[in-house]
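Trainee: For reference, the sequence and a predicted model appear below.
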Amino acid sequence: MGAFTRHRKSRLIIANFTGFESDLLRSLASQIVELLRNEAAVPDDARDPFEAMMDFSGPTSEPEDPVLQRLFPTAYLEDDEAASEFRRFTEGSLRDGKAAAACTIIDCLEEAGLPPELEEDGLMIDVELDEPTAETWMRSFTDIRLALATRLGVEDGDEEIWDAMDDDDPRAQAHDIYEWVGWLQETIVEALTA
């Protein structure tokens, strides 16, 4: 369940998720939003729109959280001043974009019928996305996977380590979620190119 496909007639990108899968996706997206918005780098939405647009007082140093370091890598490794200036002008809007993408996943799932608190067994959620929204989901899946990979310490070529873990190990379970989101991302790419 959950694979994205393109509807032959409407051309929408569609998927069918269980309530549990939908709730898990909402939780992952919510955690990304919380991580992105829990630091001073996020612009204040209550300000005048012109003032906010002209504000280039973003962060100038690399984030402390390893996930945020992965999501916002240093642009100029050999030039601290250039890296600082680049970060000051870009990181706030990049954070906003990533948070908005994750919120799109949450909003779409809830609009498709996912209740605020999942209590019903057997609930199925049918998601229908136009191409721009599907592309937004795809980008947010990248952020979710980077966050999971960073927290888990996933590295290239370490599949045997993960395969050898006991199924009851919480790290193995989290790795399964990482793999599942990767599979969803793969199917959404295939649906978009069909």
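Mentor: Everything's here; your move.

Trainee: May I see the buried residues of the helix or strand where Arg95 lies?
Mentor: Assigned by DSSP states H and E, Arg95 belongs to helix 80-111. Of the residues in helix 80-111, those with enough neighbours to count as buried (16 or more other C-beta atoms under 10 Å) are 83-88, 91-93, 95-96, 98-99, 101-106, 108-109. C-beta coordinates here come from the backbone N, C-alpha and C atoms, glycine included.

Trainee: where does the protein dip in pLDDT?
Mentor: Counting by pLDDT under 70, the chain has low-confidence residues at 1-2, 39-58.

Trainee: So the spatially most central residue of it, which state does it fall into?
Mentor: Nearest to the mean C-alpha position of the chain, counting by C-alpha atoms, centre = their mean, stands Ser140 at 3.2 Å. Secondary structure, DSSP: H, G, I helix; E, B strand; the rest coil: Ser140 is helix.

Trainee: next SSE after the helix or strand harbouring Thr150?
Mentor: If you go by DSSP H and E, Thr150 is part of helix 131-152. Helices and strands here follow DSSP H and E; after helix 131-152, the next one along the chain is helix 159-164.

Trainee: got the CA coordinates for that next one in PDB?
Mentor: Below are the C-alpha coordinates for helix 159-164, written out as PDB (Å, rounded to 0.1, in the frame of the first residue of the first chain):
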ATOM      1  CA  GLU A 159      22.900  -2.300   4.300                       C
ATOM      2  CA  GLU A 160      24.300  -5.600   5.800                       C
ATOM      3  CA  ILE A 161      24.500  -3.900   9.300                       C
ATOM      4  CA  TRP A 162      20.900  -2.900   9.100                       C
ATOM      5  CA  ASP A 163      19.800  -6.300   7.700                       C
ATOM      6  CA  ALA A 164      21.500  -8.100  10.500                       C
END
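
Trainee: what's in contact with that helix?
Mentor: 154, 172, 175 (C-beta atoms under 8 Å, 6 or more residues apart in numbering).

Trainee: again with stretch 165-176
Mentor: By C-beta under 8 Å, 6+ apart, the residues outside stretch 165-176 that reach it are 148, 151-152, 154, 162.

Trainee: Of the residues you listed, which is the nearest to Leu35?
Mentor: Arg151 (10.4 Å; C-beta to C-beta).

Trainee: Cool, thanks, signing off.
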